[in-house]
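Asker: return a 3D structure for these sequence lines:
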Amino acid sequence: MNPYPELTAIEVAALDAGKCPDCGSEHFLEGPRGGMNVNIQCARCKAEFNIVPGLPGSFGKERISLPGTAFK
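Answerer: Residues are numbered from 1 along each chain as shown. Predicted structure coming up:
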């Protein structure tokens, strides 16, 4: 179970626009992939998300770490 709260509509819209919902950066680093999913990390604040690229809306998007952390 994911310990982080579900993304808000504003956070989902930011990710859909290619922006970090925490700091507004448009630069992400790709991490591990699995099936259709890919982990991404904001290059500025280090927040991490698991997304399904190209799929708009809240389905297939979740936070997997808070700003200031790194891929494990």
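Asker: now residue 48: how far from residue 62?
Answerer: 10 Å (CB to CB, to the nearest Å). Yep, even glycine has a C-beta here, placed from its N, CA and C like the rest.
Asker: quick check: the most centrally placed residue in the chain vs residue 38, distance?
Answerer: Against the mean C-alpha coordinate of the chain, by CA atoms, centre = their mean, the closest residue is residue 49 at 2.5 Å. Residue 49 is 9 Å from residue 38, where distance means CB to CB.
Asker: hmm, back to that, okay, residue 48 and residue 62: which has more neighbours?
Answerer: Of the pair residue 48 and residue 62, residue 48 is the one with more neighbours under other CB atoms under 10 Å, namely 23 against 15.
Asker: tell me the pLDDT at that one?
Answerer: At residue 48, the pLDDT value in this model is 95.
Asker: with the one 3 residues further on instead?
Answerer: Predicted confidence (pLDDT) at residue 51: the value is 95.
Asker: that one bridge partners, please.
Answerer: Bridge pairing for residue 51 (DSSP bridges) gives the partners residue 38, residue 61.
Asker: what segments of the chain are helices?
Answerer: With DSSP state H as the criterion, the chain has helices at 9-16.
Asker: what are the boundaries of the strands in it?
Answerer: In the chain, the strands defined using DSSP state E lie at 28-34, 37-42, 48-51, 61-65.
Asker: mind checking which of these is nearest residue 7?
Answerer: Of all those, it is strand 61-65 that lies closest to residue 7, at 5.8 Å by CB to CB.
Asker: next, count neighbours for the closest residue to residue 8 other than its chain neighbours.
Answerer: Using CB to CB, 6 or more residues apart in numbering and skipping the chain neighbours, the partner closest in space to residue 8 is residue 21 (8.0 Å). By the criterion of other CB under 10 Å, residue 21 has 20 neighbours.
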